[in-house]
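[1] What follows is a predicted protein model with its sequence.
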Amino acid sequence: MPADEPLPAASLIQLIWLASPALPVGSFSYSEVLEAAVERAGVATESIASDWLMDQLHLTLARGDLAVIAQAIPAWRQADLRRIQQLNDWVLQTRETSELRLQAEQMGRSLLEWLRNHDGANAGHIDACAQMQPTYPVAFALAASQTAAGVRDCMLAYAFGWAENMMQAALKSVPLGQSAGQRILARLSRDIPSAVESALQLPDSERQAFSPMLAILSAQHETQYSRLFRS
């Protein structure tokens, strides 16, 4: 869709819906290692939590999931199932711990079930996705591909949904107050467009999931004594 044309209201609503914390995919139950970082890496203040999430946005989300979504949405629209399978396999193979992989798989399955009961969903694509052990980025790309929204707008919705969920995880695990959470979300929101632009330009050869600190903390979280979150 040309940039000067407004997004149809129905597509805008669909993107807001996909980014909503109320979407029944279980995102609220994951902190993506933030809980372990609070216990073991000194993430104990608003400032440190904000810096942590900013790094995660640019170093992992932009170079991993967002880059996958940038490729997966046009692939779904072109019914390029071979390409979709390659992208989904990459996500599965680059989740560095069992917790992170289980999160990607569980949220992918849940979003696919939501799509099955959603008006306008492509039944053939849903069935094809179900056959490949869908991960959340690939399932999200399928859901977003059903709208008239451009790839960039779909990625912005995904990134904001991630940021809002991570802000809520920070409120519970650091813990922080609501005003601190809103400041963190505002900071992430200002940087989301640049993260999306970077992901859009990233070729396959530069897409990566190399985040050793996250991997180590995630492995430690699997045996953490007291936990609020599943990852």
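    Great, that's in hand.
[2] could you measure the spatially most central residue of the chain against Gln86, distance?
    For the chain, the residue nearest the mean C-alpha position is Trp162 (5.2 Å; Cα atoms, centre = their mean). Taking Cβ to Cβ, to the nearest Å as the measure, Trp162 falls 23 Å from Gln86. In short, each C-beta sits where N, CA and C put it, glycine included.
[3] do the same with Val174
    38 Å.
[4] more neighbours, those two?
    Taking other Cβ atoms under 10 Å, Val174 and Gln86 do not tie; Val174 has more neighbours (22 against 15).
[5] Let me see the contact set for the more buried one.
    Listed by Cβ atoms under 8 Å, 6 or more residues apart in numbering, the contact set of Val174 reads 38, 43-46, 49.
[6] Those residues into CSV, with extra columns for distance to Phe229, secondary structure and pLDDT?
    CSV is the format used below for the contacts of Val174 (distance: Cβ to Cβ, whole Å; DSSP: H, G, I helix; E, B strand; the rest coil; pLDDT from 0 to 100):
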residue, distance to Phe229, secondary structure, pLDDT
Val38, 10, helix, 94
Val43, 14, coil, 95
Ala44, 17, coil, 95
Thr45, 19, coil, 97
Glu46, 19, helix, 97
Ala49, 14, helix, 97
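[7] Buried only: go through those residues for me.
    Buried members of those, counted by 16 or more other Cβ atoms under 10 Å: 38, 43, 46, 49.
[8] got the contact list for the last one?
    Translated: Ala49. 34, 43, 170, 174, 176, 184.
[9] got a pLDDT number for the fourth one?
    The model reports Val174 with a pLDDT of 95.
[10] Kindly report the same for the third one.
    The model reports Ala170 with a pLDDT of 96.
[11] Please tell me how far the nearest residue to it once chain neighbours are set aside sits from Ala163.
    In space, and not counting its chain neighbours, Ala170 is closest to Ala49: 4.7 Å by Cβ to Cβ, 6 or more residues apart in numbering. For Ala49, the distance to Ala163 equals 12 Å [Cβ to Cβ].
[12] And for Val151?
    19 Å.
[13] More neighbours: which of those two?
    Ala163 (25 against 21).
[14] mind listing the helices in the protein by residue range?
    9-19, 34-40, 46-56, 65-77, 81-94, 98-116, 123-130, 136-145, 151-173, 178-201, 212-221 (DSSP state H).
[15] The first one to helix 98-116, inter-axis angle?
    Counting by axes from the mean of the first three to the mean of the last three Cα atoms, to 10 degrees, helix 9-19 points 150 degrees away from the direction of helix 98-116.
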